[in-house]
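> need coordinates for the below:
(4 chains)
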2 protein chains.
Amino acid sequence: MRVRLEDVARAAGVSPKTVSRVLNEEAYVKDDTRKRVLAAMESMNYRPSPSARGLAGSRSFLVAMLYDNNDNPASTYLAEIQNGVLDACDANRYSMMVCPLRMRGPDFIRRVDALISDHHVDGVVLTPPLTDHPPLLRRLREREVPHSSVSPVSRNDAIGVCMDDEHAAQALVTHLIQLGHQRIAHVLGIANHGATRWRLAGYKAALSAAGIPYDPDYVVQGEFMFGSGVAAARKLLTLPEPPTAIFAANDDMAAGVMWAANERGMKVPRDVSVCGFDDTPLASQLWPPLTTVRQPAREMGKLAALQLMELLRGKGSGLLVQVPYSLQLRESTGEPPKGS
Amino acid sequence: MRVRLEDVARAAGVSPKTVSRVLNEEAYVKDDTRKRVLAAMESMNYRPSPSARGLAGSRSFLVAMLYDNNDNPASTYLAEIQNGVLDACDANRYSMMVCPLRMRGPDFIRRVDALISDHHVDGVVLTPPLTDHPPLLRRLREREVPHSSVSPVSRNDAIGVCMDDEHAAQALVTHLIQLGHQRIAHVLGIANHGATRWRLAGYKAALSAAGIPYDPDYVVQGEFMFGSGVAAARKLLTLPEPPTAIFAANDDMAAGVMWAANERGMKVPRDVSVCGFDDTPLASQLWPPLTTVRQPAREMGKLAALQLMELLRGKGSGLLVQVPYSLQLRESTGEPPKGS
DNA sequence: CTGAAAGCGCTAACAG
DNA sequence: CTGTTAGCGCTTTCAG
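The predicted model follows:
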């Protein structure tokens, strides 16, 4: 019925253990033998049983992608990361499990435990804001589960992938300043996301570099979601001296800002410039197309997973690699209204 | 270290086999015994090993969600279905694997095979357009892999979940007609999707019911993607006698249509009414908000998975359940321009 | 209704 | 560099 390790061994004229060695890319197999075994595997179309491997050995060839189900807006951002992780799995004969977690739930840690011990997951890819959830990280360390993070806040001990959000945000806001804007507002993301902090820092840095004083009235809380962008813009646009440009910490909120502007009969960018962050598909689907920063989410998911797999292979350099951002200057930003 | 079946057995004073019976909800266990075993499991925090179960038995408690990676636009639609499947898994102690497939790829079937035999997947959830891919269905049947579909085209032998796309589309177009539109165009989806066919049928039915002749010039090909909506609208809006309303087969294309209208300096709905289908988040984030049909994707994913699990439990009614749609009338549709 | 024995397909630990 | 011997934790027979 099923081709087993033993069958391959017989066909190749070696012991099962040798086949196992080849399968696991262990050292100490004569090159000649290895080739013979590989050929046998190929010709018999042998596929190892993950169950048996998981049961007998310590590895499962399964990685899990964890994400938070409460505080996570951008399903499109997560979907892209997931695609990236799948790309990496594909290239390395891993399989992926998807694990939505409710960070606020009382059984949060129990669920993580269950995941790990149930499926012997070899490692996990963490996405924001799980990348910096202390109880989770503690548990993963306790149980010695290798993990790799996408955009972790704490960049010292983490391995994974990140982007220079701060400089990206700074570049974006600098662009607004160069267009002539002085009254520039910022809509914050969810507090516990690193992205929120970095993008705010970039905003401040750009203002400060241009000698524009920081005005707390121009910085309002958002939650990375469309609706929060609408709410934030309603506040900002009714200020006695409203901003001429609004930088929202992500595209969804920027879309909300544009929506709120439309609602007031304002035209973007004539009456107010708007920009976002991430370059999700939405950005180019809005009218006018949104100026934003491109964040290569899929690439980041892939890289994080690849980092994890290197770690699993023992070759882990344990690095936090950085991917480049790029400004996407589109039509939602322009010169400030005359006489403002 | 790990709590095993044997440990539970010892604690409950029964044989391992009995614990196994309880675990698998088999009949023929005295109620009293069952309770004792359950109590022991609970107090010892026992969690069965999926690897061992998979290896020894025939079940893996793993379901896979298959989707096509080429012809699939709406990542947000798939993400919602995925969430629904996860909901169902959660409720039934299943785990989910995510399997992007390249339908066009030469190794398509091999990949499916690999998936099934590698992981002993108990069953799969199929999403469009995989729901009607003959080689795939044949292979699944050959290998006797239970499967459940979301919106399959062939509704006879399929089990899963569907919506009445046709009547939904008809209702939507009827709404346009009631607003006074006569020249109504339609942007088609990808050809091999059932949704494309049904929505077109609904469009035709509505016209026909109103006595409006069907004009092939008003029906243009699209691909469910934003860009294809833009292209389609560019054609339609430059027609000698352009339509006063455009019904796109999904929201992404409708967004493209609105974008193209903006590009030409036209105002929606003053100059042209636009409506879509699905009610993805995008629909309410556009300006003006998009009139569309709400399709409960997450619910559908969940139901499809639940149907599958019933099938696995042997209680399979094998039904194709239908979920209700609802019209979302918003501001992108209005009366046709005067004198048109 | 319950139990005993025999593996599922692989890898770990130890020999050679 | 390669092989041997035991299991991993569960379910499947088959007996009671």
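
> please, where are all the helices along chain A?
Here chain A has its helices, by DSSP state H, at A:5-12, A:16-23, A:31-44, A:50-56, A:75-91, A:108-119, A:134-142, A:165-178, A:194-209, A:226-237, A:251-263, A:281-285, A:297-312.

> quick one: closest of those helices to A:Lys338.
For A:Lys338, the closest of those is helix A:165-178, at 16.6 Å, according to C-beta to C-beta. C-beta: built from backbone N, CA, C; applies to glycine.

> list the buried residues of the closest one.
Residues A:165-177 are the ones in helix A:165-178 that count as buried (16 or more other C-beta atoms under 10 Å in any protein chain shown).

> let me know the average pLDDT across that helix.
Across helix A:165-178, the average pLDDT comes to 98.

> what is that helix packed up against?
Secondary-structure packing of helix A:165-178 (3 or more C-beta pairs under 8 Å, 6 or more residues apart in numbering or on different chains; DSSP states H and E): strand A:184-187, helix A:194-209, strand A:245-248, strand A:273-275, strand A:292-294, strand A:326-328.

> out of the ones you listed, flag the one nearest DNA strand D.
In terms of C-beta to the nearest atom of the strand, the element of those nearest to DNA strand D is helix A:194-209, at 38.0 Å.

> what comes into contact with that closest one?
Helix A:194-209 has contacts (C-beta atoms under 8 Å, 6 or more residues apart in numbering or on different chains) with A:128-129, A:131-132, A:151-153, A:165-174, A:176-177, A:184, A:186, A:188-190, A:213-214, A:219, A:247, A:249-250, A:277.

> switch the cut-off to 6 Å
With C-beta atoms under 6 Å, 6 or more residues apart in numbering or on different chains as the test, helix A:194-209 has contacts from A:151, A:153, A:165-166, A:169-170, A:173-174, A:186, A:188-189, A:214, A:249.

> let me see the mean pLDDT of it.
On average, helix A:194-209 scores 97.

> for the residue nearest in space to the middle of chain A, list each beta-bridge partner.
A centroid search over chain A (C-alpha atoms, centre = their mean) returns A:Val150, at 4.4 Å, as the residue closest to the centre. Using DSSP bridges, the beta-bridge partners of A:Val150 come out as A:Val161.

> any idea how far it is from B:Ala232?
36 Å (C-beta to C-beta, to the nearest Å).

> contacts for the helix or strand bottoming out on mean pLDDT in chain A next, please.
Counting by mean pLDDT, DSSP states H and E, the weakest-scoring helix or strand in chain A turns out to be helix A:108-119, with a mean of 80. Applying C-beta under 6 Å, 6+ apart, the contact partners of helix A:108-119 are A:62, A:99, A:135, A:139, A:143, A:145, B:47, B:50.

> may I ask which of the residues you listed has the most neighbours?
B:Pro50 (27 neighbours; other C-beta atoms under 10 Å in any protein chain shown).

> show me what contacts it?
B:Pro50 neighbours (C-beta under 6 Å, 6+ apart): A:118-119, B:61.

> any idea how far it is from B:Leu115?
Counting by C-beta to C-beta, the gap from B:Pro50 to B:Leu115 is 16 Å.

> kindly report the same for A:Gln182.
A:Gln182 is 57 Å from B:Leu115, by C-beta to C-beta.

> the more surrounded of these two?
Between A:Gln182 and B:Leu115, counted using other C-beta under 10 Å, the more crowded position is B:Leu115 (19 against 15).

> how close does the more buried one get to B:Val268?
In terms of C-beta to C-beta, B:Leu115 sits 44 Å off from B:Val268.

> next: A:Ala305.
42 Å.

> and the closest residue in space to A:Asp7 that isn't next to it in sequence, how close does it get to A:Val3?
Leaving out its chain neighbours, the residue that sits closest to A:Asp7 by C-beta to C-beta, 6 or more residues apart in numbering or on different chains is A:Met44, at 6.5 Å. Going from A:Met44 to A:Val3 by C-beta to C-beta gives 5 Å.

> and what of A:Glu299?
For A:Glu299 relative to A:Val3 (C-beta to C-beta), the value is 36 Å.

> what's the answer for A:Val173, then?
Distance from A:Val173 to A:Val3, by C-beta to C-beta: 60 Å.

> same question, A:Lys235
Counting by C-beta to C-beta, the gap from A:Lys235 to A:Val3 is 66 Å.

> now swap in A:Phe224 and tell me
49 Å.

> list the buried residues in stretch A:94-113.
A:94-101, A:103, A:108, A:111-113.

> next up, the contacts around the closest residue in space to A:Gln295 that isn't next to it in sequence.
Distances taken as C-beta to C-beta, 6+ apart place A:Asp278 nearest to A:Gln295, at 5.0 Å, with adjacent residues excluded. Going by C-beta under 6 Å, 6+ apart, A:Asp278 touches A:250-251, A:295.

> equivalent analysis for A:Gln221, please.
A:Leu188.

> quick check: phi and psi on it?
phi -70, psi 140 (degrees, to the nearest 10).

> residue numbers of the stretch 51-200 of chain A in contact with chain B?
Proximity of the stretch 51-200 of chain A to chain B, by C-beta under 6 Å from any C-beta of the partner chain, involves residues A:51-52, A:54-55, A:75-76, A:79, A:86, A:95, A:97-98, A:100, A:118-119.

> repeat that with 8 Å
Contact residues, the stretch 51-200 of chain A versus chain B (C-beta under 8 Å from any C-beta of the partner chain): A:51-52, A:54-55, A:60, A:75-76, A:78-80, A:82-83, A:86, A:95-98, A:100, A:114, A:117-120.
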